[in-house]
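Chemist: Here's my sequence, what's the structure:
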Amino acid sequence: MEKQISLTLCLFFFIFSISSSLHETEARRHSYNKPASITRLISRSLFDSIFIHKENNACPAKGFYTYEAFVEATRRFPRFASVGALRTRRREVAAFLAQISHETTGGWATAPDGPYAWGLCFKEEVSPQSNYCDASNTEWPCFPGKSYKGRGPIQLSWNYNYGQAGRALDFDGLRNPEMVANNSVLAFKTALWFWMTEQTPKPSCHDVMIGRYRPTKADLAANRTVGFGLTTNIINGGLECGIPGDGRVSDRVGYFQRYAQLFKVNTGPNLDCENQRPFS
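Modeler: Presented below is the predicted three-dimensional model:
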């Protein structure tokens, strides 16, 4: 009887040991796959040193683009800045911040601390040339009296972008586009949505910066080479790419070079889109 009890106890502890080991292995596996918090890549102090003048009285967006809002928005997109080696993740953050800095810049050539210290100065497009309504797009119809002008960090524009962003982020972008300029977390979410979302034939900026994108035959024929310049093509290539010496492209590159230095990473090749044809 004692021998039987001893064998039973041994069997119990053996099974318990295996179960505990498997549980620990599974926990470690999930821990390794869990995206690192964005705060490990960009601290509040680094954020403030990047956006030196966003709280300047001259900036209409003063008080809007907070560090807390940025961090909160990234939780909606866990793959942002969490894929690849540390240098890849840092470079993606630097590239994203550079692009939104250009879109919202308040800098000028002789600005204090240089032209690339004035990102996140605006939250709405100044003097829009139209209401950015593509009436031919019946899937995302415009609503009377609404303007789909640039708003938020990426300056989200056009009814079809507001409609798709709204569906993805659970707000009515077509009826209430103003929300992007009235809610700082939502504003950052729209920028991250645009950055992370593939819109064929365009790849996502995220895939470009993590090295996941592979150029198609059409891309190779159009000289759309992988690098920061391709993200510019994705964002505003129809107006800026394929133009020698375009100042807007140079401004984007200048921001990226400054931020890459602050993140202690190199920029990689193909910074501009001067020799690229825009996406159709």
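Chemist: so which helix or strand takes in the closest residue to Ser184 other than its chain neighbours?
Modeler: Leaving aside its sequence neighbours, Ser184 sits nearest to Ala69 (Cβ to Cβ, 6 or more residues apart in numbering; 3.9 Å). (Each C-beta comes from the backbone N, C-alpha and C, glycine too.) Here Ala69 sits within helix 67-74, counting by DSSP states H and E.
Chemist: Okay, buried residues for that helix please.
Modeler: For helix 67-74, the buried set under the neighbour-count rule, 16 or more other Cβ atoms under 10 Å, comprises Tyr67, Ala69, Phe70, Val71, Glu72, Ala73, Thr74.
Chemist: and if you look at stretch 164-177?
Modeler: For stretch 164-177, by 16+ other Cβ under 10 Å, it's Gln164, Ala165, Gly166, Ala168, Leu169, Phe171, Gly173, Leu174, Pro177.
Chemist: what about Pro278, neighbour count?
Modeler: Using other Cβ atoms under 10 Å, Pro278 is surrounded by 18 other residues.
Chemist: Check which element follows the helix or strand hosting Leu239 along the chain.
Modeler: Following DSSP H and E, one finds Leu239 within helix 228-240. Next helix or strand after helix 228-240 toward the C-terminus (DSSP H and E): helix 247-262.
Chemist: Show me what that next one is packed up against.
Modeler: On a contact count with 3 or more Cβ pairs under 8 Å, 6 or more residues apart in numbering; DSSP states H and E, helix 247-262 meets helix 44-50, helix 86-103, helix 228-240.
Chemist: got the angle between the second one and helix 247-262?
Modeler: With axes from the mean of the first three to the mean of the last three Cα atoms, to 10 degrees applied, the angle from helix 86-103 to helix 247-262 works out at 140 degrees.
Chemist: Buried by neighbour count: which residues of helix 86-103 qualify?
Modeler: Buried residues in helix 86-103, counted by 16+ other Cβ under 10 Å: 89-103.
Chemist: Dump the helices and strands packed on helix 247-262 into CSV; add distance to Leu120 as well.
Modeler: Formatted as CSV, the helices and strands packed on helix 247-262 follow (distance: least, Cβ to Cβ, whole Å):
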stretch, distance to Leu120
helix 44-50, 9
helix 86-103, 7
helix 228-240, 16
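Chemist: Could you list every helix and strand in contact with the helix holding Ala69?
Modeler: By 3+ Cβ pairs under 8 Å, 6+ apart, helix 67-74 packs against helix 44-50, helix 184-196.
Chemist: what about Ser184, how many neighbours?
Modeler: 22.
Chemist: and what of Ser147?
Modeler: 18.
Chemist: swap in Glu125?
Modeler: Other residues near Glu125 come to 18 when the count uses other Cβ under 10 Å.
Chemist: per-residue pLDDT, the closest residue to it other than its chain neighbours?
Modeler: Closest residue in space to Glu125, ignoring its immediate chain neighbours: Gly150 at 3.5 Å, by Cβ to Cβ, 6+ apart. We have a pLDDT of 98 for Gly150.
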